[in-house]
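Q: This is a predicted model, with the sequence first.
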Amino acid sequence: MRPTPQRSAWLVGYGLLSPALALMAVMLVAPLLAMVVLSFWTQQGFEIDRSFTLANYFALVEPSSEPIVWMGIPIPLKYPVPAILLGKSILMSLAVTIAVIAMAYPMAYFLAFRVQRNKALWLVLLTIPFWTSYLLRVFAWKIVLGFNGAINSGLKSIGVIAEPLSFLLYNPLAVIITLVHAWIAFTVLPIYVSLEKIDRSLLEAATDLGDSKWRRFLRVTLPLSAPGTIGAALLVFIPTVGDYVTPTLVGGPGGTMIGNLIQELFLRQNNAPLGAAVAIVMMLVIGLLVLIFLWLIGFHKLRSRVG
Amino acid sequence: MQRIRFIDRMASGKISRRTMLRQAGAFGVGLMALPRLPQAAEVLTCLEWAGYDAPDYFKSYVGKHGGAPNFSIFSGEEDALAKVLAGFKADVMHPCNYSVGRFVNAKVAAEIDTSKLSNWKDVFPALQTANGVVMDGKVVMAPADWGNSSIAYRPDLVDADFAKNESWGIFFDDKYAGKVSMLDNEVAIAIGMMVGGESYEKAVWETGDKLATAAKEWGAKTVKNSRFLWNDPSELQQALASGEVVAAYAWNDVYKNLKREGVPISYARPKEGYFTWFCGLTLLNTGKADPALAYDFIDAWLSPETGKTLIEGSGYGHANIKAFEIADKQAVADMGITDPAEHMKNGTLFIQVSDAVQTEWNKTWGDLKALKQ
């Protein structure tokens, strides 16, 4: 019996996907499920109590009558650390995302509309910073921003400052700068692709109908490149919220993010179930934020318009 | 070309479920039939402090087995313990007198048969029976290195008064905000309480409201004033050398290394007291390697040659009496005290608290760091 066309398409799809699906099931879904299960257990000294409880989740929202004031904001929670760090991480990631898009968009625009020859070469040039490891790049920023680093010794040698500036390193700003640099090349490509796909005759039509260059950009180019730009923004926002290495190396105690807390809970505080609960809540909050964001901008309509 | 045809057919959707299963089955059978790679004997895995993974510390092990064991570097014993409890299969751990009990209580430490250690007979008798080496009548740690924790500071960069009146108070003094570096460890809160007049032995047992108040009053302050909380002695060393940090909680080696580099550096005798500790090797029951390897490694650490390296290189003491006989005379003289029992008596020996108290302190310190503004 020959397979019906519909069935064969189904089979081809899953056949081609199967290695990836199998890998996802083993490497992603199974550990995630283990985390979910773990978060319903509790740590008792060195042992894990395997009876089902919501205690870990309750601990994250348990109210307290004496609010802890953090950055001038009273937080009425008994264990306010995860809530504070999650909020802080989200704000830091938002700053990173906005900065990355603001820098990557002009780069992608230039590549798509101005570069005529050797486009491939330009794309390769963009990826050069990625020929070294992520860790090495973070350390490089530590050297650039450090006490005897490039910026401080440069400013000192031209006589602008007498004492090295200490606010460059070990704070949230240093984390934001490093993350922006680390993620920028990932965002240029999707934006570039969506700009490249724009039908040039639409731009001509806009000009013919009397739009200025600026209005043409706002009314044609920007909306048509929105899916790529939004995709790029999510690509940066989602992983940076939970970043752990960068704040560890350049953040100092002031630049701590939620990823550091999760690591601390799993290791030093030896409370893996609570760490798992924090990780799951983080994932849910990020997911929720992304959904709200997509709903607000009407992503579905946007996609169908671009086709 | 069977393979390419198969992929083509799959891509165009011309493969039936049966063919697919048959091919998958053939692949599986083929995989099983492949000759197995010969499995090497398990390599020894050691949990070590940064820097102690240098082969100079276990020369005889390298000589006998032709190479170093695998190392996993930790920044504090609690990290190492959590790693072991999470399933990391280590054979040997390097805890200290105040932390070895955590490993015993967690049931991951094994008793050491000292008759298998050729250097055991030369270990200072006081250390052979010290609290922490022996627990419940069993030897659980082979003592190796001993030293101090105090303040290393740049006499050229701190106020001249400080040298005359050395005090842990520098970590809580806003004048030095952003210019000091505390160890990333909960002991910082106890140090604060000592500055406030409490004794170390009483401070470390505080819990509940008293601990919470001390954390707010002292802990938060030193976290805020620290340029960074250090985990890695080499990072601290660089910061002290450049003057980024002018005073820091430090072990003997940081002081010794900076001195050797010609950096102006002093090692304080704070009025609240300086700390002493001794560390050693503990056999873990989680490992996969042959225990004989672990004994060889521990024995190498107890050798007088390792002691010589420690004394000359880092300014630490060693558990082997003979180490002091073969080490450079000047280095031994620089140490001042060469008897570990005497050494412990002169300073404040770190002590071990109960698991419940330790857990509370771990959490308090973690929260403090996270909430730095």
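A: Structure received. Residues are numbered from 1 along each chain as shown, chains lettered A, B, ... in the order given.
Q: Within range of chain B, give me the residues from the stretch 101-250 of chain A.
A: Contact residues, the stretch 101-250 of chain A versus chain B (Cβ under 8 Å from any Cβ of the partner chain): A:146-148, A:164, A:166, A:170. Yep, even glycine has a C-beta here, placed from its N, CA and C like the rest.
Q: run the last query once more with 7 Å
A: Contact residues (Cβ under 7 Å from any Cβ of the partner chain) of the stretch 101-250 of chain A with chain B: A:147-148, A:166, A:170.
Q: can you pick the most crowded of these?
A: The most neighbours of any of these, using other Cβ atoms under 10 Å in any protein chain shown, belong to A:Y170, which has 26 neighbours.
Q: Would you mind measuring the gap between the ends of stretch A:193-203?
A: 17 Å (Cα to Cα, to the nearest Å).
Q: Could I get the buried residue list for it?
A: A:193-195, A:198, A:203 (16 or more other Cβ atoms under 10 Å in any protein chain shown).
Q: who's in contact with that stretch?
A: If you take Cβ atoms under 7 Å, 6 or more residues apart in numbering or on different chains as the criterion, stretch A:193-203 is touched by A:108-109, A:112, A:216, A:220-221, A:224-225, A:227-229.
Q: And the residues you listed, which is closest to B:D56?
A: The shortest approach to B:D56 among the contacts of stretch A:193-203 belongs to A:A108, at 53.2 Å (Cβ to Cβ).
Q: helix or strand for that closest one, which one?
A: helix A:81-109 (DSSP states H and E).
Q: In contact with B:K107: list those residues for me.
A: Contact partners of B:K107, counting by Cβ under 7 Å, 6+ apart, are absent.
Q: Tell me which helix or strand it sits in.
A: Per DSSP H and E, there is no helix or strand for B:K107.
Q: Name the residue closest to the centre of chain B, please.
A: B:W49 (3.8 Å; Cα atoms, centre = their mean).
Q: these two touch, right, B:A106 and A:F46?
A: Yes: the criterion here is Cβ atoms under 7 Å, and B:A106 meets it with A:F46 at 4.4 Å.
Q: rewinding a little: can you name the residues that contact the residue nearest to the centre of chain B?
A: Contacts of B:W49 by Cβ under 7 Å, 6+ apart are B:H94.
Q: Is A:A162 located within a helix, as I assumed?
A: No: A:A162: not assigned to a helix; according to DSSP: H, G, I helix; E, B strand; the rest coil it is coil.
Q: And it, how far from A:L155?
A: To A:L155, A:A162 is 10 Å away according to Cβ to Cβ, to the nearest Å.
Q: Mind checking which of these two has more residues around it?
A: Of the pair A:A162 and A:L155, A:L155 is the one with more neighbours under other Cβ under 10 Å, namely 14 against 7.
Q: which non-adjacent residue is nearest that one?
A: A:I161 (4.8 Å; Cβ to Cβ, 6 or more residues apart in numbering or on different chains).
Q: Run a quick neighbour tally on that neighbour.
A: If you count neighbours by other Cβ under 10 Å, A:I161 ends up with 13.
Q: So it sits against A:I151, correct?
A: No: the criterion here is Cβ under 7 Å, and A:I161 misses it with A:I151 at 9.7 Å.
Q: Give me the local confidence score for the residue of the stretch 201-350 of chain B found nearest chain A.
A: Of all residues in the stretch 201-350 of chain B, the one sitting closest to chain A is B:E244 (3.7 Å; Cβ to the nearest Cβ). You'll see B:E244 listed with a pLDDT of 93.
Q: same question, the one 3 residues further on
A: Reported pLDDT at B:A247 in the predicted model: 97.
Q: any weak-confidence spans in the chain?
A: With no chain named, the answer covers chain A. A:1-6, A:299-300, A:302-307 (pLDDT under 70).
Q: that's the wrong chain, I meant chain B
A: Scanning chain B for pLDDT under 70 picks out the ranges B:1-15, B:17, B:20-21, B:23-25, B:27-40, B:373.
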